[in-house]
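*Asks:* Got a sequence here, can you build the structure:
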Amino acid sequence: MGKLILKEISTRAPKDFDKAATKGKTAKILEELDELQNLLYASSKYSVLVVIQGMDASGKDGTIRNVFGSMNPQGVTVASFKAPTSEELSHDFLWRIHKVAPAKGMIQLFNRSHYEDVLVTRVHRWCDDKTAKKRMKAINDFEKLLKDHNNTHILKFYLHISPEEQQERLKERLADNTKQWKYNEKDFEEAKLWDKYMQYYEDCFEACNEVPWIVVPADQNWYKEYVIAKALRDLLKSLDMQFPGLKKG
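*Replies:* Residues are numbered from 1 along each chain as shown. So this is what the prediction gives:
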């Protein structure tokens, strides 16, 4: 990957994408994913890790619900990483991550991930640049470990939302009683640190790209869900998976 400059990348769907037609394509892809996820689980040869990163209100929860919600929950799990506990802080920063790495046959979703330890920690100066660089090297080694020793295929998505759309969605959380439970008064304060977050995201894209990042325009949910569903479908179809035969004995 070359150097990514987020402000140079659109947060909206290309103009030639029609909303209704794209939603129809997504629906068909989700039907394929239901079968492919069943095959992944049955063959138990590979595992899949899906990393979903993005600013507040970029649509991480909705993506998980709308793209992965139709799959068999027996084969799809979600882990979210918030502020580490005292026990987690007493270990290395990847300890709590490795515990929930995907087993063979599983799709594991990270709603935020190990990258928080080189993002929010740098924005708030809890982690200095020297330590961050060491952590990013450790992240590369960790992802290589998963690939080489557990047949794990990794998809890393950054949900690329515009600051204007973020503000609209944050305000909507105040007005819509079905979304007020998501409201956090700190979200508006974090939004003021937008430029710093973009700087450190760009550092992540440059330093941790042995598994390439997919920057997903996220201002329109219908397009965001199509991009993510298609990437997962294409990955699963590329794998050499077969249903196992009858068990002997």
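*Asks:* could you pull out the strands for this protein?
*Replies:* 47-54, 76-80, 107-111, 152-160, 213-217 (DSSP state E).
*Asks:* Ok, which of these comes nearest Thr121?
*Replies:* Nearest to Thr121, of all these, is strand 47-54, at 13.9 Å by CB to CB. For the C-beta atoms, the positions are set from N, CA and C on the backbone; glycine is no exception.
*Asks:* and the angle for that closest one with strand 107-111?
*Replies:* Using axes from the mean of the first three to the mean of the last three CA atoms, to 10 degrees, the direction of strand 47-54 lies 20 degrees away from that of strand 107-111.
*Asks:* from the chain's centre, how far out does strand 47-54 sit?
*Replies:* Distance of strand 47-54 from its chain centroid, counting by CA atoms, centre = their mean, to the nearest Å, is 4 Å.
*Asks:* Name every strand pairing with it and say which way it goes.
*Replies:* Within its sheet, and counting by DSSP bridges, strand 47-54 is paired with strand 107-111 (parallel), strand 152-160 (parallel).
*Asks:* can you list the residues that contact the least confident helix or strand in the chain by mean pLDDT?
*Replies:* When each helix and strand of the chain is scored by mean pLDDT, DSSP states H and E, helix 186-191 comes last, with a mean of 89. The contact list for helix 186-191, computed with CB atoms under 8 Å, 6 or more residues apart in numbering, reads Met55, Asp56, Ala57, Pro163, Gln166, Gln167, Leu170, Arg173, Tyr197.
*Asks:* Buried ones among the residues you listed?
*Replies:* Met55, Asp56, Ala57, Gln166, Leu170, Arg173, Tyr197 (16 or more other CB atoms under 10 Å).
*Asks:* need the strands of the chain in TSV with mean pLDDT and distance to Glu202, can you?
*Replies:* Converted to TSV, those look like this (pLDDT from 0 to 100; distance: least, CB to CB, whole Å):
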stretch	mean pLDDT	distance to Glu202
strand 47-54	98	13
strand 76-80	97	24
strand 107-111	98	20
strand 152-160	98	10
strand 213-217	98	10
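*Asks:* Adding distance to Leu193 and mean neighbour count, write these out as a markdown table.
*Replies:* Below are the strands of the chain laid out as a markdown table (distance: least, CB to CB, whole Å; neighbours: other CB atoms under 10 Å):
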| stretch | distance to Leu193 | mean neighbour count |
| --- | --- | --- |
| strand 47-54 | 15 | 23 |
| strand 76-80 | 21 | 16 |
| strand 107-111 | 21 | 22 |
| strand 152-160 | 17 | 22 |
| strand 213-217 | 20 | 19 |
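*Asks:* For the ones you listed, please prepare a markdown table with the additional fields distance to Phe188.
*Replies:* Shown next, in a markdown table, are these (distance: least, CB to CB, whole Å):
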| stretch | distance to Phe188 |
| --- | --- |
| strand 47-54 | 17 |
| strand 76-80 | 21 |
| strand 107-111 | 21 |
| strand 152-160 | 19 |
| strand 213-217 | 23 |
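*Asks:* and the least confident helix or strand of the chain, C-alpha only, in PDB?
*Replies:* C-alpha atoms of helix 186-191 as PDB (Å, rounded to 0.1, in the frame of the first residue of the first chain):
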ATOM      1  CA  LYS A 186     -17.500  12.600  25.400                       C
ATOM      2  CA  ASP A 187     -18.200  11.900  21.700                       C
ATOM      3  CA  PHE A 188     -18.400  15.500  20.800                       C
ATOM      4  CA  GLU A 189     -15.100  16.200  22.700                       C
ATOM      5  CA  GLU A 190     -13.400  13.400  20.800                       C
ATOM      6  CA  ALA A 191     -14.700  14.800  17.500                       C
END
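*Asks:* Much appreciated, bye for now.
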